[in-house]
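Visitor: Provided below for reference: sequence and predicted model.
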Amino acid sequence: MGHGLFITFEGTEGSGKTTQVELLGEKLSYRQAVVVREPGGTELGERMRELLLTSGMELDGEAEMYLFMAARRQLLHEVITPALALGRIVIADRYHDSTLAYQGGGRGVPVAWPATFPRPNMTFLLALPVESGRDRQLRAGKSADRVERESIDFHARVAAEYERLAAAEPARFMRLDASETREEVHHKVMSRVSPAVDALS
Ligand code: Z5A
């Protein structure tokens, strides 16, 4: 990795990742922070997003894992790695911890961390009861995609795997109570990000 700063947001659906990514992106716009979302961010990634989330195609769990990872590798190649090499800040709405949690924890597929996927400098885990996240999505009028339509049990396994990942790497993860207000969560995010940004310049 270069000398940039790689920040990722993780959590179950409706936990407020996209909201926090947008708030942080605005706060760091003066540094031309690069904001990406997964799956997506490249032509391949956007096509895979459609295939993975809305096509209705039946997918084997391991095939699904490789597709998410292929999209990620392309995003690393085209966007994330060059930006970090230039010393930029990259903010990602989901990254490889999502595959570990959803395909690994949720579906029981063995998932490794490829040596060519950089570890983020910091990862915010937005922790929210699965039912609350679903309620927020319903209130916002968002229809459930293929993964979101999985059972409550599936989403509970995903949440448990996120907790395990965060406990295993306490230096990288910051676990936040996502039931707090947007502003409270953002304030806590900034308490961790600001010193790291100051250290960059
Ligand atoms: N997936 C996978 O299986 N494997 C992988 O490797 C990857 C992904 C990368 C991506 O869907 C799906 O792909 C996802 C996992 C799977 N499926 N599931 N589950 P996506 O990108 O379309 O959706 P998402 O990532 O799950 O995000 P989301 O559902 O859009 O939610 P969110 O980004 O966490 O939350 P939000 O959009 O910021 O907020 C949701 C609503 O709550 C909205 O109305 C907000 O205004 C509101 N909100 C936000 N914060 C608050 C607070 N603090 N209080 C009250 N209300 C709030």
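Guide: Perfect, I can see it now. Numbering: from 1, shown residues only.

Visitor: The spatially closest residue to Phe173 that is not a sequence neighbour: helix or strand, and which one exactly?
Guide: In this structure, Phe173 finds its nearest non-sequential neighbour in Ala166, 4.0 Å apart by CB to CB, 6 or more residues apart in numbering. In short, each C-beta sits where N, CA and C put it, glycine included. If you go by DSSP states H and E, Ala166 is part of helix 152-168.

Visitor: Go ahead and measure how far that helix is from the middle of the chain.
Guide: 14 Å (CA atoms, centre = their mean, to the nearest Å).

Visitor: Name the surrounding residues that touch it.
Guide: Applying CB atoms under 8 Å, 6 or more residues apart in numbering, the contact partners of helix 152-168 are 10-13, 97, 100-102, 104-107, 123, 125, 127, 130-131, 173, 175.

Visitor: Tell me where the protein has helices.
Guide: 17-27, 43-49, 61-75, 81-85, 96-99, 130-139, 152-168, 182-200 (DSSP state H).

Visitor: Least confident of the ones you listed, on average?
Guide: Ranked by mean pLDDT, the helices of the chain bottom out at helix 130-139, which scores a mean of 93.

Visitor: OK, contacts around the most centrally placed residue in the chain?
Guide: The centroid of the chain falls nearest to Arg94 when counting by CA atoms, centre = their mean (1.3 Å). Arg94 sits next to 8-10, 17, 37-38 when contact means CB under 8 Å, 6+ apart.

Visitor: Try it again at 10 Å.
Guide: Contacts for Arg94 (CB atoms under 10 Å, 6 or more residues apart in numbering) come out as 8-11, 17-18, 21, 36-40, 68, 72, 101-102.

Visitor: among those, which are within reach of the ligand?
Guide: 11, 17-18, 38-39, 68, 102 (CB under 6 Å from any ligand atom).

Visitor: Show me which of the helices of the chain has the highest average neighbour count.
Guide: helix 96-99 (a mean of 24; mean count of other CB atoms under 10 Å).

Visitor: packing partners for it?
Guide: strand 5-11, helix 61-75, strand 122-127, helix 152-168 (3 or more CB pairs under 10 Å, 6 or more residues apart in numbering; DSSP states H and E).

Visitor: Mind listing residues that contact that helix?
Guide: Contacts for helix 96-99 (CB under 10 Å, 6+ apart): 8-11, 17, 38-39, 64-69, 72, 76, 92, 104-106, 109, 111-114, 117-120, 123, 125, 147, 158, 161-162, 165-166, 169, 172-173.

Visitor: cool, stretch 46-65 as well?
Guide: 37-42, 45, 66-68, 70-72, 74, 99-100, 102-104, 106-112, 143-148.

Visitor: Pull out the buried members of those.
Guide: Among the contacts of stretch 46-65, those classed as buried by 16 or more other CB atoms under 10 Å are 37-42, 45, 67-68, 71-72, 74, 99-100, 102-104, 106-107, 109, 111, 146-148.
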